[in-house]
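# With the sequence up front, the predicted model follows.
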Amino acid sequence: MICILSGGTGTPKLLQGVKNKNHICIIVNTAEDVYVSGLYVSPDLDTVVYTLAGIIDDAKWYGQRDDTYNCYDMMVSLGYRELLKIGDKDRGLKLYRTVLMNKGISLSEVTEKMCSTLHIDTPVFPMSDQRVTTKIFTDEGELTFHQFWVVKRAQVTVKNVVFEGIETANPVKKALNYMKKSEFILLGPSNPITSIGPIISMKGYKKILKKKKVLAISPMIGEAPFSGPTGVLMRGLQCKANCTGVAELYQDFLDDFVIHTTDVKYKKEIEAMGITVHIQDILLDSFRKKRDLMKFVECVV
């Protein structure tokens, strides 16, 4: 069993290359969860679920493929624009989740129900059933993740990132048990600050990470991230905006690190941290590359 920690874009791309999806479990960031028009939206969780179900819109890496936007367009015509553009089928799933959570059913239990309905056998867990909210402090004030990324397009100076509620949030027990039983833990190529960061900041998960074999795939090639505002966030927090900076963030527990072929110049610096470095093509721009990278990961460990 491989336990994979995931955000909402880089790691789901990698998941498309997993051949035996019964041999993995996935713990997903929920610190970007937000209410939109009364709906409980869990962007990273939904992207992972849609990817495993084979219905992800992999042109945008958000929402369902071939969705329509009648509800959203109607609201816009009435003068109301939502923070996130949500498709009709996607909205239906989010409404289902919200209704059940309003009845007292936990996020992890709702996720299990959703996976069962969508014929997903892979165990998928939110990192916690308690709310954790990413707050980004900038030169324009305090922003939520979506205000920072969707509204401001990361065109602000980052001063600090805080995960509000992280100290009191507990890991999902089933997720914790799967992590304990796993052969090794894989940190996917997701944003190390706001996607993987909240998960590894939780005491329960961090404790196991320090005891297990841990491998990570860099979310950076040179100074360019796979997606999202990784570079902006890392520079704002005074981290090196390359694979070396990512290795430093994971240094306390990381055993093996896969970096891109063009980043071989960083190999010695990372190995000086006591981390074994592997050089591979990590640009996940084809199904073959995704499959090959997952094969390599499984062989390494």
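Thanks, I have the structure now.

# so what's Asp88 closest to, chain neighbours aside?
Distance criterion C-beta to C-beta, 6 or more residues apart in numbering; nearest residue to Asp88, sequence neighbours excluded, is Thr68 at 4.9 Å. All C-beta spots, glycine's among them, are computed from the backbone N, C-alpha and C.

# Could you check the pLDDT of that neighbour?
You'll see Thr68 listed with a pLDDT of 98.

# Quick check: it touching Gly87?
Yes. Applying C-beta atoms under 8 Å, one finds Thr68 in contact with Gly87, separated by 6.4 Å.

# give me the beta-bridge partners of Leu215?
Leu186, Asp256 (DSSP bridges).

# What about the residue nearest to Asp88, how many residues nearby?
If you count neighbours by other C-beta atoms under 10 Å, Thr68 ends up with 12.

# quick one: the strands in the stretch 151-300 of the chain?
Using DSSP state E, counting those that start in this stretch, the strands assigned to the stretch 151-300 of the chain run over residues 158-164, 184-187, 214-217, 220-221, 224-225, 256-260, 276-280.

# Which of these sits closest to Thr122?
strand 184-187 (13.5 Å; C-beta to C-beta).

# tell me what the closest one is packed against?
Packing partners of strand 184-187 (3 or more C-beta pairs under 8 Å, 6 or more residues apart in numbering; DSSP states H and E): strand 2-6, strand 214-217.

# Take these and lay them out in JSON lines including mean pLDDT.
Output for the helices and strands packed on strand 184-187, formatted as JSON lines (pLDDT from 0 to 100):
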{"stretch": "strand 2-6", "mean pLDDT": "97"}
{"stretch": "strand 214-217", "mean pLDDT": "98"}
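
# would you turn the ones you listed into JSON lines with mean neighbour count and distance to Ile55?
Listed next are the helices and strands packed on strand 184-187 as JSON lines, based on neighbours: other C-beta atoms under 10 Å; distance: least, C-beta to C-beta, whole Å:
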{"stretch": "strand 2-6", "mean neighbour count": "25", "distance to Ile55": "17"}
{"stretch": "strand 214-217", "mean neighbour count": "26", "distance to Ile55": "24"}
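
# Could you work out which of these reaches nearest to Thr133?
Of all those, strand 2-6 comes closest under C-beta to C-beta, at 18.5 Å.

# Does anything pack onto that closest one? Which helices or strands?
When contacts are defined as 3+ C-beta pairs under 8 Å, 6+ apart, strand 2-6 packs onto helix 10-15, strand 24-28, strand 184-187, helix 196-200.
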